[in-house]
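Asks: Next comes the sequence, and after it the predicted model I'd like to discuss.
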Amino acid sequence: MYDLLAVDSIPMRLAEIASALNARLENGAAETEITGLNGIEKAGPGELTFISNPKYAAAARSTKASAIIVGEDFPAMATAMLRASDPYLAFAQALELFHHPQRYAPGVHATAVIHPTAKLGRNCHAGPYVVIGENVEIGDDAVLLAHVVIYSGVKIGHNFCAHAHAVVRENCHIGNNVLLQNGVIIGSDGFGFAKTQNKRWHKIPQPAPVVIEDDVEIQANSCIDRASVGETRIRRGVKIDNLVQVGHGSQVGEDALLCSQVGLAGSTEIGDRVILTGQVGVVGHCKVGDDAIVTPQSGVAQDIPAGALVSGAPAVDHKLWLKYSALLSKLPEMAKLLRKKNSSQ
């Protein structure tokens, strides 16, 4: 059997929080008790909040929170302050102090189906209707929740967590500290078809695995496709949002962010620390250089250099795109004037 282990948060003194966040307590009593966290406009007595965006400065002065996390250069206030070099990161770390994830006791549910050749590490939790196939290897402290399916030949590292209905297909490799949210599909067939002489589509086999390196999180209903040759690889530290499609044979560099509804066609190469914001599409065989940022709903149809900020469809330098955008509303009048000029000649 298995069980859910409840973890309750307990109040903390401001001095304890400051120490844990490596922040400097200013204008506040060290013994003030904090019971939780909240947004700047909703926080009340006993709660901690933060400000990282200057547009909320007025709200910071009227907040009812007992304390507020601010930057080193934020003006002094009557409210107790925890000064940090990065208030947003400090607030995220403070949330971890108060909101612990659910823990699951080791054990295998009676309805789980685990092949005799599968090897599970220590402290593995397999929930209802989990299926683990032949010759699977899973490391220590894994959590597989209801209806998770691990196909044959899969290799998974330590501290793996898969939420309900996540699927890892045959022969894929997953590293340590990987989190799959609900409905993630790792290793589904790549979208590969060749047209026959009679103009029908012939399926191209897709046997090559997906490789997920350490410290990756993939959020709900995203799909990482396997390839016909080579591999699809998601490198260390990548974070993938909901409803993202990574095409067969693509490579995603370390610490890249792929936001909601991003679509990568086959054999795309995404560099380290790249940020693809919502609904960005990248044409197959394109390369996006390290540290590049692509703004929402942009379409990448050619290689993007390292460090670039691009926008539009097709994506161009962001400053150039701003000029395009400024002219759009004027185009009808410009066209009218041009027609008038041509007619008078």
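Replies: That came through fine. Numbering: from 1, shown residues only.

Asks: so what's the backbone phi/psi at Lys341?
Replies: Phi and psi for Lys341, reported as degrees, to the nearest 10, are phi -60, psi -40.

Asks: Show me what the nearest residue to Val316 once chain neighbours are set aside bridges to in the sheet.
Replies: What sits nearest to Val316 in space, not counting adjacent residues and going by CB to CB, 6 or more residues apart in numbering, is Val310, at 6.2 Å. (Each C-beta comes from the backbone N, C-alpha and C, glycine too.) Here Val310 sits in beta bridges with Val294, Asp317, going by DSSP bridges.

Asks: Which residue comes closest to Ala20 once chain neighbours are left out?
Replies: Leu97 (6.0 Å).

Asks: That neighbour and Lys330: what is the separation?
Replies: Distance, Leu97 to Lys330, using CB to CB, to the nearest Å: 53 Å.

Asks: Which one's more surrounded, the two?
Replies: Each of Leu97 and Lys330 has its neighbours counted (other CB atoms under 10 Å); Leu97 has more, 17 against 10.

Asks: Thought Pro11 was touching that one, still the case?
Replies: No. Applying CB atoms under 8 Å, one finds Leu97 not in contact with Pro11, separated by 10.7 Å.

Asks: Which residue, other than its chain neighbours, is closest to Ala46?
Replies: Quick fix: residue 46 reads Gly, not Ala. Nearest to Gly46 is Thr35, by CB to CB, 6+ apart, at 4.6 Å.

Asks: Tell me the confidence at the one you found?
Replies: Model confidence at Thr35, given as pLDDT, is 92.

Asks: contacting residues for it?
Replies: Contacts here follow CB atoms under 8 Å, 6 or more residues apart in numbering; on that basis Thr35 touches 11, 46-47.

Asks: The residue nearest to Ala20 belongs to a helix?
Replies: Yes. Assessed with DSSP: H, G, I helix; E, B strand; the rest coil, Leu97 lies in a helix.

Asks: what about it, distance to Tyr88?
Replies: 16 Å.

Asks: One more: Arg61?
Replies: For Arg61, the distance to Tyr88 equals 19 Å [CB to CB].

Asks: Can you show me the helices along the stretch 201-345 of the chain?
Replies: For the stretch 201-345 of the chain, the helices defined by DSSP state H, counting those that start in this stretch occupy 318-328, 331-344.

Asks: hmm, back to that, isn't the residue nearest to Val316 up against Asp317?
Replies: Yes. At 6.2 Å, Val310 counts as touching Asp317 under the criterion of CB under 8 Å.

Asks: Which residue of these two possesses the greater neighbour count?
Replies: Between Val310 and Asp317, counting by other CB under 10 Å, Val310 is the more crowded of the two (21 against 15).

Asks: quick one, what contacts the more buried one?
Replies: 292-295, 298, 300, 304, 316-318, 321.

Asks: rerun that using 7 Å as the cut-off
Replies: 294, 298, 304, 316-318 (CB atoms under 7 Å, 6 or more residues apart in numbering).

Asks: Then Ala166?
Replies: 148, 180, 182-184.

Asks: From the residues you listed, keep the buried residues only.
Replies: 148, 180, 182-184 (16 or more other CB atoms under 10 Å).

Asks: Doesn't Ala94 lie inside a helix?
Replies: Yes. The assignment for Ala94 (three-state DSSP) places it in a helix.

Asks: Please verify my assumption that it contacts Ile34.
Replies: No. Counting by CB atoms under 7 Å, Ala94 does not reach Ile34; the two are 8.7 Å apart.

Asks: where in the stretch 101-250 of the chain is pLDDT low?
Replies: By pLDDT under 70, the stretch 101-250 of the chain has no low-scoring segment.

Asks: please redo it, this time with the cut-off set to 90
Replies: Low-confidence segments of the stretch 101-250 of the chain, defined by pLDDT under 90: 101-103.

Asks: State the phi and psi torsions of Phe91.
Replies: Dihedral angles for Phe91 - degrees, to the nearest 10 - are phi -60, psi -40.

Asks: Tell me how many other residues crowd it.
Replies: Using other CB under 10 Å, Phe91 has 21 other residues around it.

Asks: Ile40 and Val283, how far apart?
Replies: Counting by CB to CB, the gap from Ile40 to Val283 is 41 Å.

Asks: neighbour-wise, which of the two wins?
Replies: In this view Ile40 and Val283 are compared by other CB under 10 Å, and Ile40 has more residues nearby, 19 against 15.

Asks: what's the helix or strand for the more buried one?
Replies: Per DSSP states H and E: Ile40 is located in neither a helix nor a strand.

Asks: So for it, what pLDDT did the model give?
Replies: Reading off the model, Ile40 has pLDDT 88.

Asks: That one against Ile51, yeah?
Replies: Yes. Counting by CB under 7 Å, Ile40 does reach Ile51; the two are 5.9 Å apart.

Asks: Find the residues that touch each one of those two.
Replies: Shared contacts of Ile40 and Ile51, defined by CB under 7 Å, 6+ apart, comprise Ala60.

Asks: Present the contacts of Ala166 as TSV; the columns should include distance to Met81.
Replies: TSV is the format used below for the contacts of Ala166 (distance: CB to CB, whole Å):
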residue	distance to Met81
Val148	44
Leu180	39
Asn182	39
Gly183	42
Val184	40
